[in-house]
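Asker: Here's a sequence, model it:
(one chain, ligands or ions: 1)
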Amino acid sequence: MTTALTPPAALHNEAVQLDTADPLAPLRTRFLLPPDVVYLDGNSLGPLPAAVPPALEDVLHRQWGTALIGSWNTAGWWEAPLRVGDTIGALIGAAPGQTIAGDSTSVQLFTALDAAATLRPDRPLLVTDPGHFPTDRYLTHAVARRRGLQVHHVSPADLPRFLATEGHRTAVVSYAPVDFRTGELYSMRALTRAAHAAGALALWDLCHAAGALPLDVDALGVDLAVGCGYKFLSGGPGAPAFLYVAHRHHDRLDTPLPGWTGHADPFALARHYTPAPGIARARIGTPPILSLLALEAALTAFDGVDLNQVRAKSLSLTGFFLRCTDELLTPLGFTPVTPADPARRGSQVTLRHPHARGLATALAEHGVIADMRAPDLLRFGVNALYTSHQDLLTAALALRDLTRNAAYDPAPPATGPVT
Ligand SMILES: Cc1ncc(COP(=O)(O)O)c(C=O)c1O
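Answerer: This is a model prediction of the structure:
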């Protein structure tokens, strides 16, 4: 894109220096990003990894087109949910055999919440964040309604106080480590510990964390976790989600959707359901092989990647964008809502501005793709695998120019779906 004004030299030099020294810069070639686009919406839909088209070609033409139904056995289709689950498990700190890929985050959440309630049968409270993503809140209420439980909305900051009085009645606490609106990062360690000290289970929604941060669900003693495949994992639109359940709960794991593929012996076509051992019992129905294998190919973008380096670069990117904001955007009425403290920052920066929708639309027209959350939040997601500091300066300058020149519609109509 072209901007009317030259970049402030100091920020420009800093961006170039940081990008030149960036050990992860070569990973950008693992993605097929369109030229002339600055893509800052990978926290909503990751871009297309270069490994996906040839993998899908093979799945379509050889595995499906030629080998036909035999591919369930010969191409590893049947095991794909567990195999891809383990690959994701490696990214979230889960030892093999605890993570399964398939279905949507919402389905996995329902499974996880309902299963958590059965694991703590004498406790009537489900606790969740009032600011949690809507599907998490809706599904918590759905499980509560069906089981005669109650939902309490407690912000992460208030959880210890809440548990001090209600902990003994709490079955599960359900949070996300990264707030999807503000990008604020909460301590999974502290909140998981608080839940456990009260005898409750900890369920995490890792949609905005898997692939973006080093995670260690096993070491933290997380009980259950879910996440999507289409954000930082770049598995494609509607990519299968994942469910993690710690080994220690498997024997008592009673899932609400005991479909035939979770049976101990699915092809016996038995009259009654006997759950498969381990996480395989969380299988439901026939897996979506095309999406699952696209996700599997997408995950190769993480081959050899150290998530500590990803985190370090992500913080460098968001820190740099916050500096650009201070210098270029705060004077024009933008207010950062993402914490400046790196320990409290996920992999996005959110800016408040009353014309967020119009600005997001205008930015996209100028080749900078970010997104907004109503009514006034502009979100800029960074992914250390492909975002550069120069991308972020381009975005900040474009935003500055559009705002200064009032070159946007202050009240455009709401656009289509964004998640
Ligand atoms: C934290 C969180 N959970 C869940 C979802 C969406 O769930 P699903 O993948 O079922 O659409 C999103 C989507 O943005 C999200 O941000």
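Asker: hey, where'd the strands end up in the stretch 251-400 of the chain?
Answerer: Ranges of strands within the stretch 251-400 of the chain are 335-336, 348-352, 368-369, 371-373, 377-381, based on DSSP state E, counting those that start in this stretch.
Asker: Out of those, which gets the lowest mean score?
Answerer: Per-stretch mean pLDDT for the strands of the stretch 251-400 of the chain is lowest at strand 371-373 (a mean of 93).
Asker: which strands and helices sit next to that one?
Answerer: With contacts defined as 3 or more Cβ pairs under 8 Å, 6 or more residues apart in numbering; DSSP states H and E, strand 371-373 has these neighbours: helix 356-365, strand 377-381. Using the backbone N, CA and C atoms, a C-beta is placed for each residue, glycine as well.
Asker: so what strands line up beside that strand?
Answerer: If you go by DSSP bridges, strand 371-373 pairs up with strand 377-381 (antiparallel).
Asker: can you list the strands of the stretch 251-400 of the chain in TSV and add distance to Leu213?
Answerer: Converted to TSV, these look like this (distance: least, Cβ to Cβ, whole Å):
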stretch	distance to Leu213
strand 335-336	20
strand 348-352	12
strand 368-369	22
strand 371-373	20
strand 377-381	13
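Asker: closest one to Thr192 among those strands?
Answerer: Nearest to Thr192, of all these, is strand 348-352, at 22.6 Å by Cβ to Cβ.
Asker: buried stuff in that closest one?
Answerer: Across strand 348-352, burial judged by 16 or more other Cβ atoms under 10 Å covers Gln348, Val349, Thr350, Leu351.
Asker: tell me the contacts of the last one?
Answerer: With contacts defined as Cβ atoms under 8 Å, 6 or more residues apart in numbering, Leu351 is in contact with Thr325, Leu329, Phe334, Thr335, Pro336, Val337, Leu377, Leu378, Phe380.
Asker: tell me which of the residues you listed is nearest to Trp77?
Answerer: Taking Cβ to Cβ as the measure, Trp77 sits nearest to Phe380 out of the contacts of Leu351, at 38.1 Å.
Asker: pLDDT score for Gly70?
Answerer: pLDDT for Gly70: 97.
Asker: any idea how far the ligand is from the residue lying closest to Pro342 once chain neighbours are set aside?
Answerer: Distances taken as Cβ to Cβ, 6 or more residues apart in numbering place Leu315 nearest to Pro342, at 4.9 Å, with adjacent residues excluded. Distance, Leu315 to the ligand, using Cβ to the nearest ligand atom, to the nearest Å: 21 Å.
Asker: Same check on Asp218?
Answerer: Distance from Asp218 to the ligand, counting by Cβ to the nearest ligand atom: 21 Å.
Asker: Now tell me what touches the helix or strand bottoming out on mean pLDDT in the chain from outside.
Answerer: Every helix and strand in the chain was compared by mean pLDDT, DSSP states H and E; the lowest is strand 371-373, with a mean of 93. Contacts of strand 371-373 with the rest of the structure, by Cβ under 8 Å, 6+ apart, involve 41, 44, 180-181, 350, 356-357, 359-360, 378-379, 381, 418.
Asker: per-residue confidence for the nearest residue to Thr29 once chain neighbours are set aside?
Answerer: Of all residues not flanking Thr29 in the chain, Ala50 sits nearest, at 7.0 Å (Cβ to Cβ, 6+ apart). Looking at Ala50, its pLDDT reads 98.
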